[in-house]
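*Asks:* Sequence first, then the predicted structure, then my questions.
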Amino acid sequence: MSGFDDKDGLIWYNGKFVEWRDAKVHLLTHGLHYASSVFEGERAYNGKIFRSEDHSKRLINSANILGMTIPYSVEELEAAKYETLKRNNLTDAYIRPVAWRGSEQLGISAQKTKTHVAIAAWEWPSYYPVEIREKGIKLVTAPWHRPPADCAPTQSKAAGLYMICTMSKHWAEEQGCQDALMLDYRGHVVEATSANFFMVKNGVLVTPPPDCFLNGLTRQTIIELAHKHNVPFEERFIMPDELKDAQEIFLTGTAAEVTAVGQIDDIHFTVGPIITKLRSAYEDLVIS
Ligand SMILES: Cc1ncc(COP(=O)(O)O)c(C=O)c1O
């Protein structure tokens, strides 16, 4: 089976295009040993990257939170992303910018490292299997909890934060689920392993405040769309025992888009009118 290192195409790498198979880093790279790496996940629809500038700003901010400086402006990153799409003949694609500390120094102190940046893009139609998406995916509560904001850089899209996501996702997949529901250090329901969480209860759309997890751009878009479509909305903490009384549950994220949840542990949900309305509003918006 060929992996992600074995594809045709070009990758933007520190300002130049290199052949896909030649886009390499050295073994003694700080980002690999100490997780000094941040990234983005973006989608282009019909040649236009949804909230592209917001993603570039978030990449720069994620790096800054880790004390890394990206040596490119938002405008330069924008031009690089669009050129990456063009050189690879892509109009509907997933885009993965990544920035990491290099091999100039290896140890906890990384003051002499450079921040390297690369951008790859490929076709990626649906994050979850399409047939499952229609009736809602199945989640199981993860054994790992999201850490508090003074124990991890929770507002950075930092690679290190994904360690517990991969472990939780594998744990969910081993039980026949598509993803894991993650609670935070206080036991509140917060998100899945790479998507934000929404619940509909008594006709009100509810999502937790992002005080220890990523305030996703899709999450922000869905809140705007809820206001626009007069869906009553509340941002507040959610306890797991509230889920049994919820009518609809869905996840949002650039990769996941708007994905209905059909089951969490032993509780079942239907794909109801609010999910349907917001999902179709989101699908219209991304191609507008
Ligand atoms: C952990 C986590 N939460 C939430 C999100 C959703 O963020 P966005 O909507 O900006 O893609 C993502 C995806 O980037 C994520 O990895």
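*Replies:* Structure received.
*Asks:* can you list the weak-confidence ranges in this structure?
*Replies:* Along the chain, the model assigns pLDDT under 70 to no residue.
*Asks:* near the ligand, which residues of it show up?
*Replies:* 41, 191, 194-196, 213-214, 216-219, 252-254 (CB under 6 Å from any ligand atom). For every residue, glycine as well, the C-beta is placed using N, CA and C.
*Asks:* Just the buried residues from the residues you listed, in ChimeraX please.
*Replies:* Buried residues within those, by 16 or more other CB atoms under 10 Å, are selected in ChimeraX with:
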select :41,191,194,195,196,213,214,216,217,218,219,252,253,254
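*Asks:* Go through the residues of the chain next to the ligand and flag which are in helices.
*Replies:* Leu217, Thr218, Arg219 (DSSP state H).
*Asks:* ok, and the closest non-adjacent residue to the second one?
*Replies:* Meaning Thr218. Spatial nearest neighbour of Thr218, excluding adjacent residues (CB to CB, 6 or more residues apart in numbering): Thr252 at 4.1 Å.
*Asks:* Tell me how far the one you found lies from Gly15.
*Replies:* Per CB to CB, to the nearest Å, Thr252 is found 33 Å from Gly15.
*Asks:* cool, Lys201 as well?
*Replies:* In this view, Lys201 and Gly15 are 49 Å apart by CB to CB.
*Asks:* Looking at the two, which one has more neighbours?
*Replies:* Lys201 (16 against 10; other CB atoms under 10 Å).
*Asks:* Phi and psi next, for that one.
*Replies:* phi -130, psi 120 (degrees, to the nearest 10).
*Asks:* right, and it touches Leu243 too?
*Replies:* No - if you go by CB atoms under 8 Å, Lys201 and Leu243 don't touch, sitting 9.1 Å apart.
*Asks:* list the contacts for the residue of the stretch 151-288 of the chain found nearest the ligand?
*Replies:* Residue of the stretch 151-288 of the chain nearest the ligand, by CB to the nearest ligand atom: Gly216 (2.6 Å). Contact analysis of Gly216 by CB atoms under 8 Å, 6 or more residues apart in numbering lists Ala195, Asn196, Pro210, Thr252, Gly253, Thr254.
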